[in-house]
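Peer 1: structure for this input, please:
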Amino acid sequence: MNIQSPSFIIDKQKCLSNIRFMSDKAKTHSVQFRPHFKTHQNAGVGELYRSEGIRKITVSSVDMAEYFMNLGWDDITIAFPVNIRQMDKINLIARKIKLNLVAESTGVVKYLDQNLKSKAGLFIKIDGGYNRTGIIHHDIENISEVVKASRDSSNIELKGFLIHSGHTYAAQSVKEILEIHHESLAIAGNLKNKFPGLMVSIGDTPGCSLANDFTNIDEIRPGNFVYYDMMQYFLGSCSFDKIAVSVACPVVSVHPHKKEVVVYGGAVHLSKEVLNINNSRYYGGCTLLGDNHGWGKLLETCFVKGVSQEHGIISAGEKLISTIKPGDLIGVIPVHSCLAADLLRKNTIMI
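Peer 2: Reported below is the predicted structural model:
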């Protein structure tokens, strides 16, 4: 393999192990497993899921739904509020497969009722504390209006409620992640008491990875877990050996006096997602790549300290500085694998 530019390396066996871990957890807790494919957006990784018996998936856009539909996936939830400007494509997809949509207002529900040409499932988006979008979970009056509008529709099959506790990604401890998760369970229980017969679907990777209580939950839709990343590692959601991706970055310059290595691998490859680790800006961890481009341990004294468009600036320990040279490859473990996977979709290698 002659890697010439930043390349997204996927470890197949680690992916399979992560898929089996989450699939087994869903079975143990008797919840439906509908993994989110926005993390990988990759036909090959999709086939790994299929090999494990997964048939229902989640995506984050109409275009992504169309992509995976064309690969043979026929039961898809678009876990993003309906973009009514894409109604023609939504109708095309709904005519061919089982499609679930997401809405959070009576106006959109009525628009769907009037414009859907085939039946579609619907989840009502609930804000469980993330404060991104959705009806706030305690606004029962508003939720009731959307439920009624959905049930009155001849083209909509109301499935239930969709919650994404994305604020687990900002948690400061495993304890805080589990506290947020249990808040979601309580919200789910309240919704199920108020609206019997409707299901509740949740989907954050930290909560789904760490929790062993899924009371009141009918479905889980995590996505990041298939790869994991440095964010999940520092959150405590995974061990380093579960991280299934690395970005192979060519070294272009070594600056011993600054203890820095410059790589071809910047914001357009890794994203500008950043962590604060030991009071330093942290854009990715560093590893050495083997002959097959697999990677070993995390280099504790090395990390990506800065990115511009094409440049990655690595703070490097003396051992790396003394051995690395232009033309070598360094593996960068991204802070957020979902973004790096999207940026490098056309330059991906599975090993």
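Peer 1: could I get the average pLDDT for the longest helix along the chain?
Peer 2: When the chain is parsed with DSSP state H, its longest helix is helix 174-194. When pLDDT is averaged along helix 174-194, the result is 98.
Peer 1: now that helix: buried residues?
Peer 2: E176, I177, L178, I180, H181, E183, S184, L185, I187, A188, L191, K192 (16 or more other Cβ atoms under 10 Å). C-beta here means a position set from N, CA and C on the backbone, and glycine is covered the same way.
Peer 1: so which elements touch it?
Peer 2: Packing partners of helix 174-194 (3 or more Cβ pairs under 8 Å, 6 or more residues apart in numbering; DSSP states H and E): helix 140-152, strand 156-163, strand 199-202, helix 205-210.
Peer 1: what angle do that helix and strand 156-163 make?
Peer 2: 150 degrees (axes from the mean of the first three to the mean of the last three Cα atoms, to 10 degrees).
Peer 1: who's in contact with helix 174-194?
Peer 2: If you take Cβ atoms under 8 Å, 6 or more residues apart in numbering as the criterion, helix 174-194 is touched by 126, 128-129, 137, 140, 143-144, 161, 163, 165, 167-168, 171, 198, 200, 202, 204, 206-207, 210-211, 213-217, 235-237.
Peer 1: run the chain-centre distance for that helix.
Peer 2: Helix 174-194 has its C-alpha centroid displaced from the chain centroid by 20 Å (Cα atoms, centre = their mean, to the nearest Å).
Peer 1: stretch 39-58 too?
Peer 2: Mean-position distance between stretch 39-58 and its chain equals 13 Å (Cα atoms, centre = their mean).
Peer 1: so how far is the first residue of that stretch from its last?
Peer 2: Its start and end residues considered, stretch 39-58 measures 10 Å (Cα to Cα, to the nearest Å).
Peer 1: point out where this protein drops to low pLDDT.
Peer 2: For the chain, applying pLDDT under 70 flags the ranges 1.
Peer 1: mind running it again at 50?
Peer 2: Within the chain, no range satisfies pLDDT under 50.
Peer 1: can you show me the helices along it?
Peer 2: Listed in chain order, the helices of the chain (DSSP H) span residues 12-28, 43-51, 62-69, 87-96, 106-115, 140-152, 174-194, 205-210, 230-235, 267-270, 318-323, 337-343.
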